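Q: pasting the sequence and the predicted model now:
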Amino acid sequence: MTSPAPSSAVSPASSAQHPELAPLTNVDVERIRNDFPVLHQTVNGHPLVYLDSGATSQNPISVMEAEQEYYEQRNAAVHRGAHTLAVEATESFEAAREKVAAFVGAETDEIVWTSNATEAINLLAYSFSNASLGLGGPAARRFSLGAGDEIVVTEMEHHANLIPWQQLALRTGATLRFIPVRGDGTLDLDAAADVVGPHTRLLAFTHGSNVTGTINPVAELVALARRVGALVVLDACQTVPHLPVDVKALDVDFAVFSGHKMLGPTGIGALYGKGELLDGMPPFLTGGSMITTVDMTTAEFLAPPQRFEAGTQRISQAIALAAAVDYLSETGMDRVHAWEAQLGQRLVAGLAQIDGVRLLGPGLGVERLGLAAFDVAGVHAHDVGQFLDDAGIAVRVGHHCAQPLHRRLGVTASTRASTYLYNTTDEVDLFLATLAEVAPFFGVTR
Amino acid sequence: MSDLQQLYQTIILEHSKARHGSGDLTPLADAVALGSASGLRVAESHQINTSCGDEVTLRVSLRSGDGADSVAELVWTGDGCSISQASASILTDVLQGLSATEARALLDNFREMLRSRGKIEPDEEILGDAAAFGGVSRYPARVKCAMLPWVAFEAALIEAESH
């Protein structure tokens, strides 16, 4: 394949997959790596091996160029002002929305820009909170929560998809319940059928776990929610960047994802909401750019998505995120997914060969994301990470913002290696070989 | 010695396993009552490193003397990386028996050395085995690990003195 060309932010949406292209190989990945300047450096005297894309991904040149090009040629406030730059900035900003919407199978007006996925979930939680106070009128009543209502999450959630719901429950008097996780790191679906009951108003769960790499059965969970008329919120932070995601096919009501995990810049994320639902929701942040008419005591609000986008927006970030989506689309999400699935299985197979290493989550042969979190017996994750960093290998250590899940799996912290389309099999092998030296270095004998 | 070996000196790895002073903590109220019966002021502090989840709970028993309080006993529990756990173990060794003033001076010296980014050579005369943490000062991300039990000691000491 040829490297994706730097994309213009105003080029037409290109969400087409490339089934005709052969699966990615290490040769392709080496070409892809040329588009990522940050990968070409040494760390502590060793070539950088970046295995922390689950936390944040790196940017291709085309993404950085899109942001620079915007600032050099079209920087202006969007949705206000009639001058030429303002019009061009607005067009680029809205073209970016159209492209990102198409990438996840949404209608353009169903994508609300946020700072990140965390803010997107908080937007929902505070909008529902406002609805619970009676704001938004009759149309918002379906989002109103109170005593006796239940919000259901899972035990494997990232804190971003847990704490906003804890807080919403505290504010509204609703009860927070959770679907437990089994010892193998998968959801207990039998228990889920009991937990999601007649009082459930909202079911929020992650599409793919940032710790165990598990991909949850969205259809089954959505069916449980539909049975009782509950709304479904999908945390797609670990899936939108790594596999083809179609929010309509998944039939979720809301979905959130972050730009910086999908080759884009920090400071941009998105909330997907079904049009008819967004229409009924009261705003979270209020102020400029989200109103129609204002007097000294009241205001009328714009239709979504503008209703949820108060203040000057993340314009350059949205445009750069669209360039990231171009890069992913041109590479082909099916190919990205297949390559990372291969790396994920290679990680799992290799970890099983190292004495004293316990994988968190499903084992070899079970579908997983291209990441693996694990415990090294007798060596704390922080020390594992330090040893790997000394060899130029960047991994994540700690609880990965999922303390309840770690507690459930019987560890306080773990080490996580997470891959992306720019990681080679050689890098995975080097990581595994270096990891095998950890226990001997720390004097742990088995 | 490589940088990594400087960081993880043998004495640190040994202390991370030996865990001097580590033990089960009885309920604090019981320890306070028991201590006060034998002239000890007891207090504890729980510290957590939010970036990695390392935890140390350190309990200080202070004995009042002629114009000077002394550190009669130190007990701790904890969970975390080898640096934080070894630091708690070594703290127990080097601070036990010191006067509160001496303990504070040692703590200040330790903190200054750790925050120096490798510029201050640890003074073994003052720090004893705690000088082994000199290599940590070149790893800013790990300074908090080494400081964790010392911060707990500092807070517990103030608390005990106020009793």
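A: Thanks, I have the structure now.
Q: give me every residue in chain B lying close to chain A.
A: Counting by CB under 8 Å from any CB of the partner chain, the residues of chain B lying close to chain A are B:2-4, B:7-8, B:13, B:17, B:51-54, B:79-83, B:85, B:139, B:142, B:145. Glycine gets a C-beta too; all of them are placed from N, C-alpha and C.
Q: write the ChimeraX selection for whichever of these are buried.
A: In ChimeraX, the members of these classed as buried (16 or more other CB atoms under 10 Å in any protein chain shown) are selected with the following command:
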select /B:4,7,8,13,52,53,54,80,81,82,83,85,139,142,145
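Q: helices - which of the residues of chain B next to chain A land there?
A: B:3-4, B:7, B:13, B:17, B:82-83, B:85, B:142, B:145 (DSSP state H).
Q: distance-wise, check residue A:138 relative to chain B.
A: Relative to chain B, residue A:138 is positioned 43 Å away (criterion: CB to the nearest CB, to the nearest Å).
Q: repeat for residue A:98
A: Relative to chain B, residue A:98 is positioned 39 Å away (criterion: CB to the nearest CB).
Q: test my guess that that residue contacts residue A:108.
A: Yes: counting by CB atoms under 8 Å, residue A:98 sits close enough to residue A:108 to count as a contact (4.6 Å).
Q: picking up where we left off before, now tabulate the ones in helices among the residues of chain B next to chain A in TSV and tack on pLDDT.
A: What follows is those, written out as TSV (pLDDT from 0 to 100):
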residue	pLDDT
B:3	84
B:4	91
B:7	92
B:13	95
B:17	94
B:82	95
B:83	96
B:85	96
B:142	92
B:145	94
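Q: quick one: which two of those are the most distant?
A: Based on CB to CB, the longest span within those runs between B:3 and B:17 and measures 22.1 Å.
Q: tell me how many other residues crowd residue A:134.
A: Residues near residue A:134, counting by other CB atoms under 10 Å in any protein chain shown, number 11.
Q: residues contacting it?
A: Residue A:134 makes contacts with residue A:144, as judged by CB atoms under 8 Å, 6 or more residues apart in numbering or on different chains.
Q: tell me if it really is in a strand.
A: No: under the criterion used here (DSSP: H, G, I helix; E, B strand; the rest coil), residue A:134 is coil, not part of a strand.
Q: checking the closest residue to residue A:251 other than its chain neighbours next. Helix, strand or coil?
A: Taking CB to CB, 6 or more residues apart in numbering or on different chains as the measure, residue A:251 lies nearest to residue A:222, with 5.5 Å between them; neighbours along the chain are not counted. Following three-state DSSP, the label given to residue A:222 is helix.
Q: does residue A:222 touch residue A:255 like I think?
A: No: counting by CB under 8 Å, no contact exists between residue A:222 and residue A:255, whose distance comes to 11.5 Å.
Q: neighbours around the residue lying closest to residue A:186 once chain neighbours are set aside, how many?
A: Take residue A:186 and drop its neighbours on the chain: the residue closest to it by CB to CB, 6+ apart is residue A:214, 5.4 Å away. Residues lying near residue A:214 (other CB under 10 Å) number 26.
Q: can you pull out the helices in chain B?
A: B:3-7, B:10-18, B:28-37, B:82-95, B:100-114, B:124-127, B:140-162.
Q: winner for burial among these?
A: Mean neighbour counts were compared across those using mean count of other CB atoms under 10 Å in any protein chain shown; the top stretch is helix B:82-95, at a mean of 26.
Q: angle of that one against helix B:140-162?
A: Counting by axes from the mean of the first three to the mean of the last three CA atoms, to 10 degrees, helix B:82-95 points 40 degrees away from the direction of helix B:140-162.
Q: which other helices and strands does helix B:82-95 contact?
A: Applying 3 or more CB pairs under 8 Å, 6 or more residues apart in numbering or on different chains; DSSP states H and E, one finds that helix B:82-95 contacts helix A:381-390, helix B:10-18, strand B:55-64, strand B:69-79, helix B:100-114, helix B:140-162.
Q: export the helix or strand of chain B with the lowest mean pLDDT as CSV, just CAs?
A: For chain B, scoring each helix and strand by mean pLDDT, DSSP states H and E identifies helix B:3-7 as the least confident one, at a mean of 89. Below are the C-alpha coordinates for helix B:3-7, written out as CSV (Å, rounded to 0.1, in the frame of the first residue of the first chain):
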residue,chain,number,x,y,z
ASP,B,3,21.3,3.9,35.9
LEU,B,4,18.8,1.1,36.6
GLN,B,5,21.1,-0.6,39.0
GLN,B,6,21.7,2.8,40.6
LEU,B,7,18.0,3.1,41.1
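Q: with adjacent residues omitted, what lies nearest to residue A:348?
A: Residue A:348 sits nearest to residue A:364 (CB to CB, 6+ apart), 5.0 Å away.
Q: that neighbour: neighbour count?
A: Going by other CB under 10 Å, the residues that sit close to residue A:364 add up to 14.
Q: same thing with the one 4 residues further on?
A: Taking other CB under 10 Å as the criterion, the count of residues near residue A:368 is 25.
Q: tell me how far it lies from chain B.
A: As for residue A:368, its distance to chain B is 24 Å (criterion: CB to the nearest CB).
Q: ok but that residue is inside a helix, no?
A: No: residue assignment for residue A:368, taken from three-state DSSP, gives coil, which places it outside any helix.
Q: does it touch residue A:348 like I think?
A: Yes: contact between residue A:368 and residue A:348 holds when scored by CB under 8 Å: they sit 7.1 Å apart.
Q: for the spatially most central residue of chain A, give me its contacts.
A: Taking CA atoms, centre = their mean as the criterion, residue A:237 is the residue nearest the geometric centre of chain A, at 1.1 Å. Applying CB under 8 Å, 6+ apart to residue A:237 gives the contacts A:117, A:158, A:160, A:206, A:210, A:256-258, A:261.
Q: what do you get for residue A:362?
A: Shown in contact with residue A:362 (CB under 8 Å, 6+ apart): A:184-186, A:212-214, A:368.
Q: so it, which state does it fall into?
A: Per three-state DSSP, the local secondary structure of residue A:362 is coil.
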